[in-house]
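Colleague: Next come a sequence and a model predicted from it.
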Amino acid sequence: MGLRKSLLLSLSLAIAPAPLLLATPFVGAKAAGVSDPQAFKIGGSSTVFPLMALAVKKFQARWPTPKVELFESGTSAGFRQFCAGKIAIANASRPINSKELKLCSLNGVSFIELPIAFDAITVVVNPKNTWAKQISIKELAQIWASDAQGKVDRWKEVNNNWPDRALSLCGPGKDSGTYDYFNKSVNGKDDNSRSDYTASEDDAVLVRCVAGNVNALGYFGFGYYNANRDRLSALAIVGASGPVAPTIANVQEGTYVPLSRPLFLYINDKQLTANKALRNFVTMTVANGMGLAQGAGSIPLPASTYRLVESKLFRRVTGSSFGGDLPVGLSIGEALRRSFDQHKLPQFR
């Protein structure tokens, strides 16, 4: 799939205040050429894209000389490029999987896995939808599982209390980490999904898809909902303790499950060692992780955790803590323990 967005920031780019990243794509010139050894590329997750766009702006304001290309292609596409050695950083809305680990190993790509924020996959409807305020995981499976294709296409078929109206669906494409995580959480397998819906790795497209249709339902990262609250309504997820809304507090307290997840940066260790500009960028990004997450509308990690992320970076702890697995339903505390405990890093508080 072609890249949806590209960003080339250089000395001539005006540095704007906290932008509406989700409504306007970044447009830049050609990618940096091989003549600039300090230039580097960042690609992958659309969910992580707004946070990294802020990081690139902050970096280029201080170090304008090395050109940085940031683009959005979806987590899976980003990992394919990363494990082929084509990009220095892969933004990811899920941990690297076993196939990607094998590809990286085959190509001699060693990496550092850094948690950078947390996310709540948010199920949204049009604000003019007056009937749906909450939804259960079972109802989501009725809608989104592969065997629902051609069978479930009206709201009433999901819940008898909902009207007999057409159901229009909007969701991530197969190259999205959100697609993998949602389907694993809701449908049991990361590839168990119907395909008869409006699909895109560009979350701004999905925002417009739901905002423009009263009968629509979609899902994507919390940051895109958070930046478009006037155009969308979020559904509470019904669990064992009742309906829980996707809020920063609920995610941080571990009650928004199973649709909460960590977000990651994967750093090419060889390029990090060889490229001072890349080291400066990654160091700056981690040191400002909380502010960048807040500025992008994402859910920040605890302040003490960012210090542990810095420790992991400075100690150059390579490899993944998740072993190619895609765990679902982890609270923020459980996910972070898994990120650090396996590498014998200090406990976070």
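Modeller: Noted; the coordinates are in hand. Keep in mind the model is a prediction, meaning the values are calculated, not measured.

Colleague: Against Pro115, how distant is Asn228?
Modeller: Taking Cβ to Cβ, to the nearest Å as the measure, Asn228 falls 25 Å from Pro115. All C-beta spots, glycine's among them, are computed from the backbone N, C-alpha and C.

Colleague: any idea which helix or strand carries Ile267?
Modeller: Ile267 is part of strand 260-268, with elements assigned from DSSP states H and E.

Colleague: Is Pro115 bridged to anything, and to what?
Modeller: Pro115 has these beta-bridge partners by DSSP bridges: Phe264.

Colleague: So it versus Pro262, what's the distance?
Modeller: In terms of Cβ to Cβ, Pro115 sits 5 Å off from Pro262.

Colleague: okay, and the common contacts of these two?
Modeller: 335-336, 339 (Cβ atoms under 8 Å, 6 or more residues apart in numbering).

Colleague: Among those residues, show me the least confident.
Modeller: On pLDDT alone, Leu336 ranks lowest of the shared contacts of Pro115 and Pro262, at 76.

Colleague: so who does that one touch?
Modeller: 115, 262, 301, 305, 348.

Colleague: and what of Cys104?
Modeller: Neighbours of Cys104 in contact, by Cβ under 8 Å, 6+ apart: 82-83, 96, 110-111.

Colleague: can we see that at 10 Å?
Modeller: 79, 82-85, 90, 96, 110-111, 266, 268, 319-320 (Cβ atoms under 10 Å, 6 or more residues apart in numbering).

Colleague: Return the distance of whichever strand or helix holds it from the chain's centre.
Modeller: Using DSSP H and E, Cys104 maps to helix 98-106. Relative to its chain's centre, helix 98-106 lies at 21 Å (Cα atoms, centre = their mean, to the nearest Å).

Colleague: before we move on, what about stretch 75-89?
Modeller: 15 Å.

Colleague: now the end-to-end length of it.
Modeller: One end of stretch 75-89 sits 11 Å from the other (Cα to Cα, to the nearest Å).

Colleague: How about stretch 280-299?
Modeller: Distance between the two ends of stretch 280-299: 24 Å, counting by Cα to Cα.

Colleague: which parts of it are buried?
Modeller: 281-282, 284-286, 288-290, 292-299 (16 or more other Cβ atoms under 10 Å).

Colleague: same question, stretch 87-105
Modeller: Neighbour-count burial for stretch 87-105 [16+ other Cβ under 10 Å]: 87-97, 100-101, 103-104.

Colleague: cool, stretch 161-177 as well?
Modeller: Applying 16+ other Cβ under 10 Å to stretch 161-177 flags 162, 167-177 as buried.

Colleague: In helices, which of those residues appear?
Modeller: Gly177 (DSSP state H).

Colleague: Among the buried residues of stretch 161-177, name the ones in strands.
Modeller: 168-171 (DSSP state E).

Colleague: Going by distance to Arg208, which of the residues you listed wins?
Modeller: Nearest to Arg208 among those, counting by Cβ to Cβ, is Cys170 at 8.7 Å.

Colleague: from what I can see Leu103 touches Phe82, true?
Modeller: Yes: look at Leu103 against Phe82 with Cβ atoms under 10 Å: they come within range, at 9.1 Å.

Colleague: Now the common contact residues for those two.
Modeller: Joint contacts of Leu103 and Phe82 (Cβ under 10 Å, 6+ apart) are 96, 109.

Colleague: Now do the strand holding Ile267 and helix 98-106, the angle between them.
Modeller: 10 degrees (axes from the mean of the first three to the mean of the last three Cα atoms, to 10 degrees).

Colleague: Please renumber the chain so that the first residue is 71 from this point on.
Modeller: New numbering, starting at 71: the last item is strand 330-338.

Colleague: how about the helix or strand following strand 330-338: buried residues?
Modeller: Downstream of strand 330-338, the next assigned helix or strand under DSSP H and E is helix 339-344. Within helix 339-344, the residues that qualify as buried are 339, 341-342, counting by 16+ other Cβ under 10 Å.

Colleague: if I pick Asn338, what's in contact with it?
Modeller: 110, 152-153, 155-160, 174, 179-182, 344-345, 348.

Colleague: Report the beta-bridge partners for it.
Modeller: Phe181.

Colleague: that older thread, can I get the strand holding Ile337 in CSV? Just the C-alpha atoms.
Modeller: Provided in CSV are the C-alpha atoms of strand 330-338 (Å, rounded to 0.1, in the frame of the first residue of the first chain):
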residue,chain,number,x,y,z
SER,A,330,-6.0,-0.1,25.9
ARG,A,331,-2.5,-0.7,24.7
PRO,A,332,1.1,0.6,24.8
LEU,A,333,2.5,2.6,21.9
PHE,A,334,6.2,2.0,20.9
LEU,A,335,9.2,3.4,19.1
TYR,A,336,11.5,0.8,17.5
ILE,A,337,15.0,2.2,17.0
ASN,A,338,17.6,0.7,14.6
